[in-house]
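In: Let me see the structure of the following:
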Amino acid sequence: MTLFDEAIQFAVEKHSGAIRKRESAPYILHPLETAVIAGSMTSDEEVLAAAVLHDTVEDTDATLEEIEARFGARIAELVASETEDKREGAPASETWRIRKEESLEELKKAEDPAVKILWLGDKLSNMRSFYRAWKISGDVIWESFNQKDPAQQAWYYRSIDSLLSELKGYEAWQEFHSLVETVFAGVV
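Out: So this is what the prediction gives:
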């Protein structure tokens, strides 16, 4: 079994039974889509494995130590670049802004180009989901989020768009940029 195959198997086990917010689809489709998007920009198996694993530490009982022991230091570092400190015990709506600011700071400091590929895969998958829901319901979609203010969501996704602009030669970035502009067109 390849490293990527093992990562898929691990992610499927960890996300088993989870459903994506606002959708009825199995959660594992999001990490798999993230890997497909990353695969349009790189064939680096560690990046693709990290793409499949990117939410395991944040959303399951997996730890970074477990990821490192099983998949290696680089994959653990890539997963860590996408893992927020959720501040257990505090309401997610109250910690949203600080968590996003910390994440953006990590993205700014990233030296490994793979971090940006991973981020783009994840955030493009998110924007595709947002766009589908937005086309049906408009700005009502934000009511199901921890951060309900579309202006805050726009700030976050526009910030990511700017920080990932060095990837503008990739179709994935162009699609992400277009979706951000479309979904947040009327949001100041």
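In: Per-residue pLDDT of residue 88, please?
Out: Note for residue 88: predicted pLDDT of 84.
In: isn't there a helix covering it?
Out: No: read with DSSP: H, G, I helix; E, B strand; the rest coil, residue 88 is coil and lies in no helix.
In: ok, it - how many residues close by?
Out: Per other CB atoms under 10 Å, the neighbour tally for residue 88 reads 6. Just so you know, the C-beta spots here come from the backbone N, C-alpha and C atoms, and that holds for glycine as well.
In: Also residue 84?
Out: For residue 84, using other CB under 10 Å, the count is 16.
In: Nearest residue to it in space, please, no chain neighbours.
Out: Excluding the flanking residues, the one nearest residue 84 by CB to CB, 6 or more residues apart in numbering is residue 99, at 4.7 Å.
In: before we move on, what about residue 184?
Out: residue 154 (3.9 Å).
In: contacts for the one helix or strand that neighbour maps to?
Out: Assessed by DSSP states H and E, residue 154 sits inside helix 150-163. The contact list for helix 150-163 (CB atoms under 8 Å, 6 or more residues apart in numbering) reads 96-97, 100, 104, 107-108, 116, 119, 123, 127, 139, 142, 145, 147, 176-177, 180, 183-184, 187-188.
In: Show me which of these are buried.
Out: 96, 100, 104, 107, 116, 119, 123, 127, 142, 145, 147, 176-177, 180, 183-184, 187 (16 or more other CB atoms under 10 Å).
In: by contact count, what packs against the lengthiest helix in the chain?
Out: Longest helix of the chain, by residue count under DSSP state H: helix 113-137. Applying 3 or more CB pairs under 8 Å, 6 or more residues apart in numbering; DSSP states H and E, we find helix 113-137 packed against helix 29-39, helix 45-53, helix 73-81, helix 92-109, helix 150-163, helix 171-183.
In: Can you say which of the ones you listed is packed in most?
Out: helix 45-53 (a mean of 26; mean count of other CB atoms under 10 Å).
In: measure the spatially most central residue of the chain to residue 107 for me?
Out: Taking CA atoms, centre = their mean, the centroid of the chain lies closest to residue 122, which sits 3.1 Å from it. For residue 122, the distance to residue 107 equals 11 Å [CB to CB, to the nearest Å].
In: go on, residue 86?
Out: 18 Å.
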